[in-house]
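>>> Give the three-dimensional model of this entry:
(2 chains)
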Amino acid sequence: MSDIEATAAAVAEEAAFVRPNLQRQMWEGRAVKNNILTTLTWIIAILAAIPLISVIYMLLIRGGTRLFGSDIIEVLTALPPAGFEMGGGIGPAIIGTLVMVAIATATSVPFGIMAAIYLAILGPTSKLAGTSRFLAKVLTGFPSILAGVFVYAVLVVNFGYSPWAGGVALAVLMLPTVVLAAEEAIAQVPQRMKDAAFGIGCTRTQVIWKVVLPTGLPGILTGVMLAIAGAAGESAPLLFTALFSNYYLESLTAVNNPTASLSILIYNFSGMPFENQIELAWTASLVLVLIVLVFNILARLVGQPKV
Amino acid sequence: MAKNPFQQAGSSSTITRPPSGGELTADSLFRGMAYAAAAVIVLLVLAILWELGREAAPAVAKYGLGFWYGTTWDVNKEQFGVLPEIWGTLYSSLLALFLGGVFGIAIAIFLTQDFIHHRLALVFRTIIELLAAIPSVVYGLWGIYVLIPLLRPAADWLHDQLGWFPLFGTSLSGPGMAPAALVLAIMILPTVAAISVDAFRRIPYKVKEAAYGMGTTKWEAILKVMLPTASSGILAALVLGFGRALGETMALAMLIGNANQISWSLFAPANTLASLLASSFPEAGTVEVQALMYAALVLLLITFIVNVVGLGVQQYTVRKFEGKK
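This next block holds a predicted model:
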């Protein structure tokens, strides 16, 4: 057999051999199933965005007209209206929310960061660290209203409603968030930086103050900002710790000093039969969402590594 | 060696020296404070248990276990039972878990399995995180003025057509189980999605490559390889989302109708433990406060168990993929 014949035979054989089609066909059962599921996932993802869009739309339409209208100063400073009264504002509630969040931050952040230092550096594997880490995680899923019940039993029963009771209730909710976020931020400080500091003879305290905390600061601040954002939006723990008030906070006394807050104002006004109050509830919602959003954005900004 | 060799001649710098006594004292003081701060968390949890237990003690002694299955809440007769509230809490949370779970897992798949460009995925992730940032009370307001009017025609139609079916047994007169469960689903969706995304991210890339190498379609890889591998993480996401739903208060207090009844109907008003606390506590007298403290204890027990189970499953997942810690 000559070469030419052999080649010809090989070509003929190859032509006779039907190659299986390895390309996936559009209408093959499994491809159809694949496409249907992909479409479904897209639909679900878009559906999930609808509530957010709707909430934002309503806030801007119903709250925005009042807030960004001509009487913005009145809305932001005046006292809440009574019954059939027109106009009015949410001034005391804004101040009350800010004051109580400040109290909560001032009480929870120092404890939170100190606890995180212990959990991440001083005794990460100790029994106490294991227990408190676990309990902090359990506390993040703690129903917020129970923080209110707890503070009611400890403070309100003895001293009456006050911004301090409200602030402490919020602090109980902020503490686990701060601890867990700060622990993660501190644990991410590279070991070699700590080693270098130890190597030149620093005590553990000096390593923490001069190396670990400055390096971990962006992450810690992110956690603090997120905790503040969460606390600002809370309402259940304030319901029977700060109660509500129609007037501005006059002093910071911790005895019988009910305090207004945006979230309770929304809750109270939402069920009222007066159009003016309902509109103010939307305005207060917009202000509250803006406050929460500012802290959320701050959290993202401070968390970015510096170049 | 009398002189420090690194010290420049004539300089009195004392930078190379052992820590002074003051520094050592500050060190042990600081470490003691850190230890105390870590102990504060443990003490806080103990204090919460102790305080709730102490306040609830008279009611626990008086009503005993009957409190769990009693169905009346009557202040005048001093009869208290929380079965309708336990039912409402579990029913609304399970409905929300079903909806929020399906959506949350689908979104986690959508975000991690290369459906969209990773920059777009980041935008989407931010949107989902923003859902979590909106305060509960704002969802309540939205539920009252947007969701309930929207649901009412659909609910009435379902009740007219399928009224014999227990789920549609009553008409929606305003607040009720359906709007409450829907809002609850929206609220737990970010939790479920975020933890599920973590579970998918933890799967080594080679697992997906191996699946594609076997010739699977994208969804065959997802359903037969990725989902089973991530299953324990997803289970943790569902359990923790369930825990969130159980304790949610304000949106439910505004939407569920605060009716002390047990019903299968999606459109009937109901009540939950948390919203019972929210609506009754501010005006309660001494006896009712004790009963409410007992209800708070019941809520604490239920959420505590659910959260501990969820955390346990989550830790199991982390260990499975990252080795024993």
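>>> who's in contact with the most centrally placed residue in chain B?
Against the mean C-alpha coordinate of chain B, by Cα atoms, centre = their mean, the closest residue is residue B:244 at 1.8 Å. Contacts here follow Cβ atoms under 8 Å, 6 or more residues apart in numbering or on different chains; on that basis residue B:244 touches A:141, B:187-188, B:191. Using the backbone N, CA and C atoms, a C-beta is placed for each residue, glycine as well.
>>> next one: phi and psi at residue B:142?
Dihedral angles of residue B:142 (phi, psi; degrees, to the nearest 10) stand at phi -60, psi -40.
>>> Can you check the contacts of residue B:244 and name whichever has the most neighbours?
residue B:188 (28 neighbours; other Cβ atoms under 10 Å in any protein chain shown).
>>> so it makes contact with residue B:96?
Yes - with contact defined as Cβ atoms under 8 Å, residue B:188 counts as touching residue B:96 (5.9 Å).
>>> what touches both of these two?
Residues touching both residue B:188 and residue B:96 by Cβ under 8 Å, 6+ apart: residue B:245.
>>> how close does residue B:112 sit to residue A:269?
41 Å (Cβ to Cβ, to the nearest Å).
>>> which of those two has more neighbours?
residue A:269 (24 against 21).
>>> The one helix or strand the more buried one maps to and chain B, are they touching?
Assigned by DSSP states H and E, residue A:269 belongs to helix A:262-270. Yes - Helix A:262-270 reaches chain B (Cβ under 8 Å from any Cβ of the partner chain) through A:263, A:266-267, A:270.
>>> List the buried residues in that helix.
Buried residues in helix A:262-270, defined by neighbour count with 16 or more other Cβ atoms under 10 Å in any protein chain shown: A:262-267, A:269-270.
>>> and these as TSV, adding pLDDT?
Shown next, in TSV, are the buried residues of helix A:262-270 (pLDDT from 0 to 100):
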residue	pLDDT
A:262	94
A:263	93
A:264	93
A:265	94
A:266	94
A:267	93
A:269	91
A:270	89
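>>> Between these, which sits nearest residue A:194?
Distance to residue A:194, by Cβ to Cβ, is smallest for residue A:263 among the buried residues of helix A:262-270, at 41.9 Å.
>>> Run a quick check on that closest one versus residue A:235, I expect a contact.
Yes - Residue A:263 is in contact with residue A:235 according to Cβ under 8 Å; the separation is 3.3 Å.
>>> what sits in contact with each of these two?
B:135, B:137, B:250.
>>> Which members of those residues additionally contact chain A?
Among the shared contacts of residue A:263 and residue A:235, chain A is touched by B:135, B:137, B:250 when using Cβ under 8 Å from any Cβ.
>>> nearest spatial neighbour of the first one, skipping sequence neighbours?
Going back to what we said before, that points to residue B:135. Sequence neighbours aside, residue A:233 is the residue nearest to residue B:135 in space, at 3.1 Å (criterion: Cβ to Cβ, 6 or more residues apart in numbering or on different chains).
>>> wait, which of the residues of helix A:262-270 next to chain B is closest to residue B:314?
Using Cβ to Cβ, the residues of helix A:262-270 next to chain B come closest to residue B:314 at residue A:263, 29.9 Å.
>>> show me what contacts that closest one?
A:97, A:233-235, A:238, A:288, B:135, B:137, B:250.
>>> out of the residues you listed, which are inside helices?
Using DSSP state H, the subset of these located in helices is A:97, A:233, A:288, B:137, B:250.
>>> how many neighbours does the fourth one have?
In terms of burial, residue B:137 registers 28 neighbours under the definition other Cβ under 10 Å.
>>> Outline the domain layout of the chain.
Using chain A here. For chain A, the structural domains run A:27-69, A:90-303, going by automatic domain parsing.
>>> My question was about chain B, not that one.
Split by automatic domain parsing, chain B gives B:21-63, B:68-322.
>>> and the end-to-end length of the last one?
Taking Cα to Cα, to the nearest Å as the measure, domain B:68-322 stretches 42 Å from start to finish.
>>> Work out the gap between that domain and the centre of the chain.
8 Å (Cα atoms, centre = their mean, to the nearest Å).
>>> For chain B, which segments count as strands?
Remark: strands assigned in chain B by DSSP state E are B:73-74, B:79-80.
>>> Look at the residue nearest to residue B:310 when sequence neighbours are not counted and report its pLDDT.
Nearest non-adjacent residue to residue B:310, counting by Cβ to Cβ, 6+ apart: residue B:239, 3.4 Å away. Looking at residue B:239, its pLDDT is 90.
>>> doesn't residue B:316 make contact with residue B:239?
No - the criterion here is Cβ under 8 Å, and residue B:239 misses it with residue B:316 at 11.5 Å.
>>> More neighbours: which of these two?
Neighbour count, other Cβ under 10 Å: between residue B:239 and residue B:316, residue B:239 has more, with 22 against 13.
>>> so what's the more buried one up against?
B:306-307, B:309-310, B:313.
>>> Any residues of the stretch 151-300 of chain A in contact with chain B? List them.
A:152-154, A:172, A:175-176, A:179, A:201-206, A:208, A:229, A:232-236, A:239-240, A:243, A:263, A:266-267, A:270-271, A:278, A:281-282, A:285, A:288-289, A:292-293, A:296.
>>> returning to that earlier point: ok, so of the contacts of residue B:239, who is nearest residue A:253?
Set against residue A:253, the nearest of the contacts of residue B:239 by Cβ to Cβ is residue B:307 (36.5 Å).
>>> I am finished for the moment; much appreciated.
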